[in-house]
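> What follows is a predicted protein model with its sequence.
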Amino acid sequence: MRKIVIGLGCAAAIGALASQACQIQGACESSPQFVEYCSGNASDPYPCQGHIWADGLHWDSGPLDGTFLPFGAGQVWHMHYMDAQTKQVLSGDYVEASVQVGATAQPNVGGSSWIECSVGMCNFTSLDTTSLYVQNGTCSPYFFHVVVTLGQRSATDAGTD
């Protein structure tokens, strides 16, 4: 029992030090900046690069081999599934999403790379069939790209009577 208590005490101390280090460096904002993306409003801070794929089931925040969006420490993005060219909005009955992050705005250029974002680093605070909210859960700024898949539920009953 003592080892568990000591282990938890050490983990809490390490977490507190990491949080304190972020605050000292000024990396974490006291209130996360909120960004609208592809909402159709001219006041959105970044031009919509959203793209609905030819299969009509996928939307992405821009070309995977293009420039990723800035993802500041603690920042929250509200992303609408709108195509930048056609203004069509992707719709479906259910949704899945993945986020890719990189240390540079163009992670496919010059030896840079990107990874799939993990829970804790990228937190979905809301994910539905019209838009999502994703937050950078860290004290570090990154660049990110989102891919959303929407699907239609089958009208066929899978059960038997």
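Yep, it's here.
> can you count the residues close to Gln49?
By other C-beta atoms under 10 Å, 18 other residues sit near Gln49. From N, CA and C alone the C-beta is placed, and that goes for glycine too.
> Who are the contact partners of it?
By C-beta atoms under 8 Å, 6 or more residues apart in numbering, Gln49 lies in contact with 61-63, 66, 84.
> Please, a PyMOL command that selects the buried ones among these?
One line in PyMOL is enough to select the buried members of these, burial here meaning 16 or more other C-beta atoms under 10 Å:
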select buried, resi 61+62
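> Can you tell me which of the contacts of Gln49 is nearest Gly72?
Distances from Gly72 to the contacts of Gln49, taken as C-beta to C-beta, are shortest for Ser61 (15.5 Å).
> Quick check: that closest one vs Thr86, distance?
As for Ser61, its distance to Thr86 is 16 Å (criterion: C-beta to C-beta, to the nearest Å).
> Of the contacts of Gln49, which is the nearest to Gly102?
Closest to Gly102 out of these is Gly66 (11.7 Å), distances taken as C-beta to C-beta.
> State the distance from that closest one to Ser126.
With distances defined as C-beta to C-beta, the gap from Gly66 to Ser126 amounts to 26 Å.
> I'd like the average pLDDT over stretch 139-150.
Summarised as a single mean, pLDDT over stretch 139-150 is 94.
> just so I have it, where are all the helices in this protein?
Along the chain, counting by DSSP state H, helices occupy 2-25.
> Low-confidence ranges, it, go.
Within the chain, the stretches with pLDDT under 70 are 1-32, 154-161.
> Tell me which residue is most central in it.
In the chain, the residue lying closest to the centroid (C-alpha atoms, centre = their mean) is Val134, at 4.3 Å.
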